[in-house]
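K.L.:
sequence and predicted structure are below.
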Amino acid sequence: QQPRSITATTNSPALQEETPGQEPRERHLVKRSTYCCAGWFPFHGRCFRYNPTALSWAAAERSCQALGGNLASIHNLLEYHAVQYVVMRACHRNRPTWVGGSDAQEEKKWLWTDGSPFDYVFWSAGEPNNHGGKQHCLRMNHGGDLAWDDVQCWVKAPSVCAKRS
Ligand SMILES: [Ca+2]
Ligand SMILES: [Ca+2]
């Protein structure tokens, strides 16, 4: 399978990895730096994949682990837009979708399942509200601002997995 080029999928300058002055062959190799198998979208050293099957958050995480990854972690707005793109490309709308954040172990102590630092948030207005004291899992594309919401973990939703390229 040929890897997809990142530059073919976005117009954002921050996503382009070309360096001026390089020979075409070298440039070609740079573009391959995030290699992903078919069905996985490359972005900044990781590969992302949308799973349309509605699963609980824990079942979604296990299905990602079965593919060698975890539910996606998100560390800046560009990464969030990339994950939103993966969802939009697959189902042509901004479906509410599980990613790997959870505060199930301890309230308000959010963690990513891939072990990376929880160093960025994009909560919807008024979220996370831990509604009913029972919301411990992070679902994206919430509400009009398409931001993040904490949701009951047993709710079934599609998901996005990520793994190292
Ligand atoms: Ca909570
Ligand atoms: Ca909530």
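P.N.:
Looks like it came in fine. Every value quoted in this text rests on a predicted model; they were computed, and no experiment measured them. Ligands and ions are numbered 1, 2, ... in the order given.
K.L.:
following element in sequence after the longest helix belonging to the chain, please.
P.N.:
For the chain, the longest helix by residue count, based on DSSP state H, is helix 77-91. Remark: after helix 77-91, the chain's next helix or strand is strand 97-102, criterion DSSP states H and E.
K.L.:
list the buried ones in the longest helix of the chain?
P.N.:
In terms of neighbour count (16 or more other CB atoms under 10 Å), helix 77-91 has its buried residues at 79-87, 90. Backbone N, C-alpha and C define where each C-beta goes, glycine included.
K.L.:
which one of those is nearest ligand 1?
P.N.:
Y80 (20.1 Å; CB to the ion).
K.L.:
helix or strand right after the helix or strand of the chain with the lowest mean pLDDT?
P.N.:
Least confident helix or strand, the chain: helix 24-31 with a mean of 45, by mean pLDDT, DSSP states H and E. Using DSSP H and E, the helix or strand that follows helix 24-31 in sequence is strand 41-43.
K.L.:
I74: what's it in contact with?
P.N.:
For I74, the contact set (CB atoms under 8 Å, 6 or more residues apart in numbering) comprises 80, 83, 99, 101, 120, 122, 140.
K.L.:
rerun that using 6 Å as the cut-off
P.N.:
For I74, the contacting residues are Y80, by CB atoms under 6 Å, 6 or more residues apart in numbering.
K.L.:
now the longest helix of the chain and strand 97-102, what's the angle there?
P.N.:
If you take axes from the mean of the first three to the mean of the last three CA atoms, to 10 degrees, helix 77-91 sits at 140 degrees to strand 97-102.
K.L.:
give me the helices and strands touching helix 77-91, please.
P.N.:
When contacts are defined as 3 or more CB pairs under 6 Å, 6 or more residues apart in numbering; DSSP states H and E, helix 77-91 packs onto strand 46-55.
K.L.:
buried residues, the strand it packs on. List them.
P.N.:
Judged by neighbour count (16+ other CB under 10 Å), strand 46-55 contains these buried residues: 46-51, 55.
K.L.:
quick one: V99 from A38, how far?
P.N.:
Applying CB to CB, to the nearest Å, one obtains 22 Å for the distance of V99 from A38.
K.L.:
same thing with A125?
P.N.:
A125 sits at a distance of 38 Å from A38 (criterion: CB to CB).
K.L.:
average pLDDT across the longest helix of the chain?
P.N.:
Averaging pLDDT along helix 77-91 yields 97.
K.L.:
fine by me, thanks again.
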